[in-house]
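Engineer: generate a structure from the sequence data that follows.
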Amino acid sequence: MGRDVLAKQPFSQLIGAELAALSPGRCELQVPIGESVKQQHGFVHGGVLSYAADNALTYAGGTALRVPVVTSEFKINYLRPAIGERLIARAEAVHTGKSQAVCRCDVFVVHEGVEKLCAVAQGTIAALPPRA
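Structural biologist: Presented below is the predicted three-dimensional model:
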């Protein structure tokens with residue numbers, strides 16, 4: 001199901017995002033690093049790092065809540081430039097209530113087989129209201 005959701009997201013398809021792992025309350029999302037996701041200084045654009053964190057947070061929250069969800073809010077801290085071959089966003093739900101989950105995410109860049117933490121994020125994932 002998770003891969004079907006990703007396949008319906010045009011931006012995810014555009015940048016080649018892949019769902020590497022998904023279980024209740026946990027997600028690993030990967031993005032290959034190519035020239036199209038870099039900014040003028042040669043490292044991954046912050047918007048792509050935010051995308052990876054946001055999507056991983058939402059998957060983690062959605063699988064924890066087990067209902068359709070959206071991101072209510074999130075914050076990201078950029079720690080170092082992302083220079084390498086691949087981004088890995090690993091998220092987990094740290095608290096789940098009836099209608100929202102608070103999740104955190106570590107974003108790593110893989111360069112020559114070594115993972116380095118390049119961003120951390122936290123967000124609140126909210127259940128969508130039932131459709132009428």
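Engineer: now do the strands in this structure.
Structural biologist: 18-23, 26-32, 69-78, 86-96, 100-111, 114-127 (DSSP state E).
Engineer: so which of those gets nearest Gly46?
Structural biologist: For Gly46, the closest of the strands of the chain is strand 69-78, at 6.1 Å, according to Cβ to Cβ. (C-beta placed from N, C-alpha, C; glycine too.)
Engineer: so what does the closest one touch, helix or strand wise?
Structural biologist: helix 46-65, strand 114-127 (3 or more Cβ pairs under 8 Å, 6 or more residues apart in numbering; DSSP states H and E).
Engineer: measure the nearest residue to Ala126 once chain neighbours are set aside to Ala101 for me?
Structural biologist: Nearest-residue entry for Ala126: Ser72, 4.1 Å, with adjacent residues in sequence omitted and distances by Cβ to Cβ, 6 or more residues apart in numbering. Between Ser72 and Ala101 the distance is 10 Å, computed by Cβ to Cβ, to the nearest Å.
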